[in-house]
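A.B. asks: Generate coordinates for the sequence data below:
(chains A and B)
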Amino acid sequence: MTTTLIRGGRIIDPSQSIDRVGNLLLRDGRIVGIDTGTAVADQVIDASGKIVCPGLIDAHVALREPGNEEDETTVTGTAAALAGGFTSIACLPDTNPAIDNRGAAEFVYLMAGRARNCNVFPLGAVTKGNKGEELAEIGQLVEGGAVALTDGKRPIANAEIMWRALEYARMFDTPVFNMPQVPELVAKGVMHEGFNSTLLGLTGIPSAAENIMVSRDIALAARTEGRLHLMCVSTSVSIDLIRRARERGVAVSCDVTPHHIALTDDALKTFDPNFKVDPPLRPQGHVNAMIEGLKDGTIDVISADHQPWAVEKKTCELDYAPFGIVGLETLLPICIQTLIEPEHLTWLELLAKLTTGPAKLLGIQKGTLSPGADADVTIIDPDVEWTIDPEKFRSKSRNTPFAGRTVRGRAEKVLVGGEVRYSLG
Amino acid sequence: MTDDNGDAGTFAERWSRKHLLGLQDLTAEEITLILDQAAEFKRLAGEGETKLSGLAGTTVANLFFEPSTRTRTSFSLAAKRLSADTVDFTAASSSLTKGETFIDTARNIEAMGVDQVVVRHSSSGAPHLLAQHLDASVINAGDGMHEHPTQALLDLFTIREHRGSLKGLTVTLVGDILHSRVARSNIWGLTKLGARVIVCGPSTLIPPHVERLGEHGVEVSNSLDEVLSETDVINLLRIQFERQRSAFFPSIREYAHFFGMNGERIRKAKKDVLILAPGPINRGVELTPDVADGPHSVILDQVTNGLLVRMSVLFLLQQYREKTAGLQTAANTEGSL
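C.D. replies: Residues are numbered from 1 along each chain as shown, chains lettered A, B, ... in the order given. Got it, this is the predicted structure:
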């Protein structure tokens, strides 16, 4: 029997609504409990002045393996996850080949087991090859361990396919994640359509591209009673539509990224491709709506939407650069800076969107410090000030919009199954 | 060949920029400086001084990642008039399809000892990217739908030459505002020099919030006939068939019907209206041949003046390079003492 005592930390566990100083005891890879009275343990970790919380969970991460190992691999992506405080991630199936069959889903578990960093759960493809044409073998994917279904960053454009996917996936109680953008309205757009796109002469992506798809998917979720999750929502109308649908009892959830809260479309004035993301960065009014959505619980998940791209792909003309940025290693401090410091959310509320929220969405027994749970624990130093330096990332890619930003707070120690897998320094 | 650059030195002393990326960045004084220097070159040309020495011993590279005949030729000739060596590089628009990146291409050209790079690219912001990666001065010769500063400068020069000043004039930009870098640069240049600007075109080709562009905003109209009588200068933007991925208007015929400049509209316009067009013009679309070749048209003046403003820009940037290089050397010498 191996015991670990994490002593004197501020224990925050949204699953039990706990936020108090105490001692957390782990035994044989599982949580024993808080303040169980044990003073002796094989290993003692002093956490005074630190936050002790369930390991963070990200509901959609691009690991790029197989097919684009120049951007990221399971080894580097999971190392980045640990450094960011994550103990579990779900990976997108838009690899090459796509994770659209049982064998491919099991490959994800195989590679994650070899990497021995954090837990990885595969997201299965909705359609074969993520092409949006015919359904993948959804039941087989679920049997292979897929925890949800999505075509990744490629929107499910065909309404009939989305309809059938929601209806069919309901048999397995599996949610369908969609990227809510109407492709023909996005077309060759590179940024939010508005004054700045006019100023910069960049092709705009209208908010309507998102609003229409959110509206369509809500109608389909209501019709099918399937579980719908909308990734990376970014417009005020989206939030409003989702809020009202939830009030009506439609099974729809959504997530937002830290960069859609920390940045606005003003950032594009530099023409730096590290501000080219999908959906595009929006003006402040939309950002404020995201914050409201987080506060009132319309948005119950925050995801970094980690999209690594090798430097040679991302450092080019804005029109040709791919969408997306790395985010696993910057999510926590950016959330602290944009949500905790201005007092939009409490620590308990923020951590809920990074633990219980994604755990419930993915249907995984994670994101809690309750007795008997897997000992996936993150210890956060909330006060340490540091400057984001992409050269120090564990991720294979460097495409961050936050390089050089001075931030506060980061993961100090990360335990997976009771074992310390990451220590800062 | 002559060493005499007239009073050129006095203009150069007041110039302090390494690159020319857009007119949005420039002050009214800086724009006027470029125009004054161009006017000086025009005076010298009038005296037969067509070959000057201002850029002797320097090299200007034309990097064109998008097809262009007149701008490239104009820059080439401008550099040669100032005795620079020139090198032309033309490539397919997408650097990725070539295997070599845009930045690598530019660095390679720069490594051949280039002082100034003139860049044309289909992607907005491409010259800004180069300016971050090169030691050479970068001149934007048109980036995507963003800016085309030397085109706007030659438009300003031409209007100023005919009217003495831009102040208080009403200039109407007609046509495809959405896709037009010429429109954006013109809006900045015109409003900074005190002109009133109207943008006029089909609603599908007017970008959102365009009324907020420029120093003090612009006015928007969807009817050329309504704004004709109050317009001093009409600049007819080219319909860019190559940039339009889908139908922004039903037909060329319908476009010409509402927004084409023809003899009948000239009769309704002010008696001394000036007609400009950045070209290449689609005769019968943006304007009819009788207008293009008529007494109000200053289209060929624009081409002549284009050479002069490009000479002016090349000259001022090179003077600044030499000035800062001198300071650098002085600082280094001081440091070693």
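A.B. asks: got the residues of the stretch 51-200 of chain B near chain A?
C.D. replies: B:94-96, B:101-103, B:121-126, B:128-129, B:143-147, B:181, B:184 (CB under 8 Å from any CB of the partner chain). (C-beta placed from N, C-alpha, C; glycine too.)
A.B. asks: again, 7 Å this time
C.D. replies: B:94-96, B:101-102, B:121, B:123-126, B:128-129, B:144-146, B:181, B:184 (CB under 7 Å from any CB of the partner chain).
A.B. asks: Buried subset of those residues as a ChimeraX selection?
C.D. replies: Here is the ChimeraX command that selects the buried residues among these (16 or more other CB atoms under 10 Å in any protein chain shown):
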select /B:95,101,102,121,123,124,125,126,128,129,144,145,146,181,184
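A.B. asks: Residue ranges of each domain in the chain, please.
C.D. replies: As the question left the chain open, I've gone with chain A. A:3-51+A:375-423, A:55-362 (automatic domain parsing).
A.B. asks: Sorry, I should have been clearer: chain B.
C.D. replies: B:8-147+B:305-324, B:149-301.
A.B. asks: just the CA coordinates of the lowest-mean-pLDDT helix or strand in chain A, formatted as CSV?
C.D. replies: When the helices and strands of chain A are scored by mean pLDDT, DSSP states H and E, helix A:311-314 comes last with a mean of 91. Output in CSV follows, covering the C-alpha atoms of helix A:311-314 (Å, rounded to 0.1, in the frame of the first residue of the first chain):
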residue,chain,number,x,y,z
VAL,A,311,6.2,26.7,-37.3
GLU,A,312,6.7,26.4,-41.0
LYS,A,313,2.9,26.0,-41.5
LYS,A,314,1.8,28.8,-39.2
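A.B. asks: now the helix or strand just after that helix: mean pLDDT?
C.D. replies: Next in sequence after helix A:311-314, counting helices and strands by DSSP states H and E, comes helix A:331-335. What helix A:331-335 shows for mean pLDDT is 98.
A.B. asks: Show me what helix A:331-335 is packed against.
C.D. replies: strand A:406-416 (3 or more CB pairs under 7 Å, 6 or more residues apart in numbering or on different chains; DSSP states H and E).
A.B. asks: in chain A, which spans are helices?
C.D. replies: A:74-83, A:102-115, A:138-143, A:159-169, A:183-186, A:195-200, A:207-224, A:236-247, A:259-262, A:284-296, A:311-314, A:331-335, A:347-352, A:356-362 (DSSP state H).
A.B. asks: Lowest average confidence across those helices, which one?
C.D. replies: Across those, helix A:311-314 gives the lowest mean pLDDT, at a mean of 91.
A.B. asks: Now it: buried residues?
C.D. replies: A:313, A:314.
A.B. asks: Chain B contacts on the stretch 251-400 of chain A?
C.D. replies: Going by CB under 7 Å from any CB, the residues of the stretch 251-400 of chain A near chain B are A:271, A:312, A:316, A:317, A:318, A:319, A:320.
A.B. asks: Just give me the residue closest to the centre of chain A.
C.D. replies: Nearest to the geometric centre of chain A sits residue A:303, at 2.3 Å (CA atoms, centre = their mean).
A.B. asks: quick one, what contacts that one?
C.D. replies: Neighbour list for residue A:303: A:58, A:59, A:60, A:255, A:257 [criterion: CB atoms under 7 Å, 6 or more residues apart in numbering or on different chains].
A.B. asks: Is it possible to get CSV of those that adds pLDDT, distance to residue B:280 and neighbour count?
C.D. replies: Formatted as CSV, the contacts of residue A:303 follow (pLDDT from 0 to 100; distance: CB to CB, whole Å; neighbours: other CB atoms under 10 Å in any protein chain shown):
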residue, pLDDT, distance to residue B:280, neighbour count
A:58, 98, 52, 28
A:59, 98, 53, 31
A:60, 98, 48, 30
A:255, 98, 49, 24
A:257, 98, 45, 27
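A.B. asks: Could you point out which of those is nearest to residue A:183?
C.D. replies: Checking the contacts of residue A:303 against residue A:183 by CB to CB gives residue A:60 as the nearest, at 18.9 Å.
A.B. asks: Please tell me how far the closest one sits from chain B.
C.D. replies: Distance of residue A:60 to chain B, given as CB to the nearest CB, to the nearest Å: 27 Å.
A.B. asks: which residues of the stretch 51-200 of chain B score low on pLDDT?
C.D. replies: Under the criterion pLDDT under 70, the flagged ranges of the stretch 51-200 of chain B are B:92-99.
A.B. asks: Sketch out the strands for it, chain order is fine.
C.D. replies: Remark: strands assigned in the stretch 51-200 of chain B by DSSP state E, counting those that start in this stretch are B:59-64, B:85-90, B:116-121, B:137-143, B:170-174, B:196-200.
A.B. asks: and of those, who's closest to residue A:212?
C.D. replies: Using CB to CB, the strands of the stretch 51-200 of chain B put strand B:196-200 closest to residue A:212, at 28.6 Å.
A.B. asks: which helices and strands sit right next to the following helix or strand past that closest one?
C.D. replies: Toward the C-terminus, strand B:196-200 is succeeded by strand B:219-221 as the next helix or strand (DSSP H and E). If you count contacts as 3+ CB pairs under 7 Å, 6+ apart, strand B:219-221 packs onto strand B:196-200.
A.B. asks: Could you list the paired strands of the strand it packs on along with their orientation?
C.D. replies: strand B:170-174 (parallel), strand B:219-221 (parallel) (DSSP bridges).
A.B. asks: tell me the most buried of the ones you listed?
C.D. replies: Most buried of the strands paired with strand B:196-200, by mean neighbour count (mean count of other CB atoms under 10 Å in any protein chain shown): strand B:170-174, with a mean of 23.
A.B. asks: quick one: contacts of that one?
C.D. replies: By CB under 7 Å, 6+ apart, strand B:170-174 touches B:183, B:186, B:190, B:195-201, B:224, B:227, B:230-237, B:259.
A.B. asks: so which of the domains of chain A is the most packed in?
C.D. replies: Comparing the domains of chain A by mean count of other CB under 10 Å gives domain A:55-362 as most buried, with a mean of 22.
A.B. asks: Which residue, other than its chain neighbours, is closest to the one residue in the stretch 51-200 of chain B that gets nearest to chain A?
C.D. replies: For the stretch 51-200 of chain B, the residue closest to chain A is residue B:125, as judged by CB to the nearest CB, at 2.9 Å. Of all residues beyond its chain neighbours, the one nearest residue B:125 is residue A:271 (2.9 Å), with distances taken as CB to CB, 6 or more residues apart in numbering or on different chains.
A.B. asks: Just to check, the one you found is in contact with residue B:126?
C.D. replies: No. In this structure residue A:271 lies outside contact range of residue B:126 using CB atoms under 7 Å: 8.1 Å.
A.B. asks: Contact partners for the nearest residue to residue A:53 once chain neighbours are set aside?
C.D. replies: Computed as CB to CB, 6+ apart, the closest residue to residue A:53 that is not its neighbour in sequence is residue A:12, at 4.7 Å. Contact analysis of residue A:12 by CB under 7 Å, 6+ apart lists A:18, A:19, A:51, A:53, A:347, A:348, A:351.
A.B. asks: distance of residue A:12 from residue A:293?
C.D. replies: As for residue A:12, its distance to residue A:293 is 22 Å (criterion: CB to CB, to the nearest Å).
A.B. asks: and if you look at residue A:373?
C.D. replies: 29 Å.
A.B. asks: Next: residue A:178.
C.D. replies: Taking CB to CB, one finds residue A:178 at 17 Å from residue A:293.
A.B. asks: I'd like to know which elements the longest helix along chain B is packed against.
C.D. replies: When chain B is scanned for its longest helix (criterion: DSSP H), the result is helix B:299-336. Contacts defined by 3+ CB pairs under 7 Å, 6+ apart place helix B:299-336 against helix B:8-13, helix B:28-46, helix B:70-81, strand B:116-121, strand B:137-143, helix B:149-163.
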